[in-house]
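Colleague: Sequence first, predicted coordinates after that:
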Amino acid sequence: MSALKERLAQKIEEHRPRTKKLLKEHADVKLGDVTIGQALGGGRGVKMLVTDISYLDPMEGIRFRGYTIPEVLEKLPKSEGAEYPCVESFWWLLITGDIPTQEDSIAVRDEFSTKKIIPQYVIELLLKMPRDTHPMTMFSCAVLAMQRESKFVRHYERGMDKLDYWKPTYDDAIQIIAKLPSIAAYIYRMKYKNDTLIAPDYSLDIGANFAHMMGQKPPYDDLARLYFILHSDHESGNASAHATHLVSSTLADPYYSLSAGLNALAGPLHGLATQEVLRWLIDVIEKLDGVEPTEEIMKKFVWETLNSGQVIPGFGHAVLRKTDPRYYAQREFCLKHLPDDKIFKYVSMLYNVVPDILAEHGKAKNPWPNVDAQSGVIQWHYGIKDFDFYTVMFGVGRALGVLSNIIWDRALLYPLERPKSLTTDMLEDIAKKAK
Ligand code: CMX
């Protein structure tokens, strides 16, 4: 058993009595009521999921295992010469809740490195897909195609104690995470670089190997680390995490579950917003035909978009009520590495104008920028201008969060998810009686 899996086994043994006690002694304690507005409103604010991997405070933003983003970036071990922590040490934190030592982090790197080889049939499948296929479709298909490798399925078919479900779930998750960055880079090189694939370098950490396979030089390796960490998890009610959790609750294996989560991420109200922000900005620049945008001009385009019934991508959030700290973390990277980038300046300009306009427009509960407002501009700067690829990178990061969640779901024996639905007649009846 790997060092991380052993530590996880201990953590699970320590944690299980807490869940058991809550269920045995406090199962009837109310967490809140559900209103008709919430039932018709996508369950906003309904407290019905439990995860210890991350918590999203509406005002403060995300904490991973209790640590804010600046704390994570400061405390986690880094690869030699790197400015940002390696994904491997972040994975240890997500899985165990502990800050790893440098040694722990290297142990994870070794564990991943033996599992990085992509099956040839996955590469061939991707190569055979029409080149106008969206890269998220290619990505999700690649994950699904590998489902035949699932250890969970093999163990389940042989008969397995429920208490052991988490073990092959963990094994599958490691297999997937080790391969995802390379699969993503292969998709990029197939779709946008005429199939000029770059072989992986297994001696590198996940972020550096991704940069290498994308054909990028430093500091892109650090950007990849930062990007994957920031996009990993946003507690478990967001669409990609929830879809993964829901599918996994049927005891479908991690391949099926993650593929479902990636499909949810592909929606424009979720991860696809990262491509939409850039699409919107480039569209504005093209319309201006060489004229330098000013705040006044930007305001005009923002209002035009709103008045045509569309959303301003990269702004607003279902839970957050302040600027997303993931936006700030990426902004810091921009200020350090690309302060004079034109598109970065336009993104900053949007930060100055959009919140006031959204407030005046009066619909969005949160007028502030989210993670997606800033992500695309950095990729654009490093020459990755194919913005439909951005959500794939979001997906590599998101896999870290959703897979650590489902490992713990299985460890704590979370059951099949099955909330209750009512009919509209019933709602009307309940509303009448409540008058
Ligand atoms: N531009 C215009 N209108 C917006 C808006 C925006 N950026 N954000 C919210 N609104 C509108 C909603 O469309 C909704 O309008 P209707 O009442 O006509 O349906 C109204 O304001 C209330 O919405 P809300 O409660 O503030 O926000 P929701 O929880 O319904 O939706 C989100 C959240 C993110 C989908 C929404 O803010 C949005 O569409 N933002 C733009 C897309 C985006 O950036 N998505 C990425 C989110 C982060 C991620 O998951 O990756």
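Modeller: Received it, and whenever you're ready, just let me know what you need. Residues are numbered from 1 along each chain as shown.

Colleague: Point out the residues in the protein that sit beside the ligand.
Modeller: Proximity of the chain to the ligand, by Cβ under 6 Å from any ligand atom, involves residues 238, 269-271, 273, 306, 311-318, 358, 363-366, 370, 372. From N, CA and C alone the C-beta is placed, and that goes for glycine too.

Colleague: In terms of helices and strands, where is Gln15?
Modeller: No Gln there; residue 15 is His. helix 3-25 (DSSP states H and E).

Colleague: which parts of that helix are buried?
Modeller: Of the residues in helix 3-25, those buried under the neighbour-count criterion (16 or more other Cβ atoms under 10 Å) are 3-5, 7-8, 11-12.

Colleague: Nearest to Phe301, out of these: which one, please.
Modeller: When these are compared for distance to Phe301, the smallest value, 48.3 Å, is given by Leu4; criterion: Cβ to Cβ.

Colleague: Just confirm that closest one contacts Ser89, I think it does.
Modeller: No: using Cβ atoms under 8 Å, Leu4 is not in contact with Ser89; the gap is 10.7 Å.

Colleague: Overlap of the contact sets of those two?
Modeller: Taking Cβ atoms under 8 Å, 6 or more residues apart in numbering as the contact criterion, the common neighbours of Leu4 and Ser89 are 104, 108.

Colleague: State the phi and psi torsions of Lys115.
Modeller: In terms of degrees, to the nearest 10, the main-chain angles of Lys115 are phi -120, psi 10.

Colleague: How confident was the prediction at it?
Modeller: With respect to pLDDT, Lys115 scores 86.

Colleague: State which one residue of the stretch 151-300 of the chain is found closest to the ligand.
Modeller: With Cβ to the nearest ligand atom as the measure, the residue in the stretch 151-300 of the chain that lies nearest the ligand is Ala273; the distance is 3.4 Å.

Colleague: May I ask which helix or strand of this protein has the lowest mean pLDDT?
Modeller: helix 273-288 (a mean of 88; mean pLDDT, DSSP states H and E).

Colleague: as a whole number, average confidence for the helix or strand just after it?
Modeller: Under the assignment DSSP H and E, the closest C-terminal helix or strand after helix 273-288 is helix 295-307. Computed over helix 295-307, the mean pLDDT rounds to 95.

Colleague: List the contacts of helix 295-307.
Modeller: Residues outside helix 295-307 that contact it (Cβ under 8 Å, 6+ apart) are 280, 284, 287-288, 291, 311-312, 346, 349-350, 352-354, 357, 361.

Colleague: what's around the residue of the stretch 1-150 of the chain found nearest the ligand, how many residues?
Modeller: Among residues of the stretch 1-150 of the chain, the one nearest the ligand by Cβ to the nearest ligand atom turns out to be Arg44. It sits 6.1 Å away. Look at Arg44: counted by other Cβ atoms under 10 Å, it has 12 neighbours.

Colleague: Please shift the residue numbers so they start at 4 in all later answers.
Modeller: Understood, numbering begins at 4; the last thing we discussed is Arg47.

Colleague: Is it correct that it is in contact with Gln41?
Modeller: Yes: if you go by Cβ under 8 Å, Arg47 and Gln41 touch, sitting 6.0 Å apart.

Colleague: what's the single longest helix in this structure?
Modeller: Of all the segments of type helix in the chain, defined by DSSP state H, the longest one is helix 169-195.

Colleague: in that one, what counts as buried?
Modeller: Across helix 169-195, burial judged by 16+ other Cβ under 10 Å covers 169-194.

Colleague: now for it, which elements pack on it?
Modeller: With contacts defined as 3 or more Cβ pairs under 8 Å, 6 or more residues apart in numbering; DSSP states H and E, the packing partners of helix 169-195 are helix 6-28, helix 105-116, helix 123-131, helix 138-148, helix 154-161, helix 209-217, helix 257-268, helix 393-414.

Colleague: of all the ones you listed, which lies closest to Arg421?
Modeller: If we rank these by Cβ to Cβ, the stretch that ends up nearest is helix 393-414, at 14.3 Å.

Colleague: what distance separates the closest one from the centre of its chain?
Modeller: The gap between the average C-alpha position of helix 393-414 and the chain average comes to 6 Å, counting by Cα atoms, centre = their mean, to the nearest Å.

Colleague: Check the gap between the closest residue to the ligand within the chain and Phe336 for me.
Modeller: Closest contact between the chain and the ligand, by Cβ to the nearest ligand atom, is at Gly319 (2.2 Å). As judged by Cβ to Cβ, to the nearest Å, Gly319 and Phe336 stand 23 Å apart.
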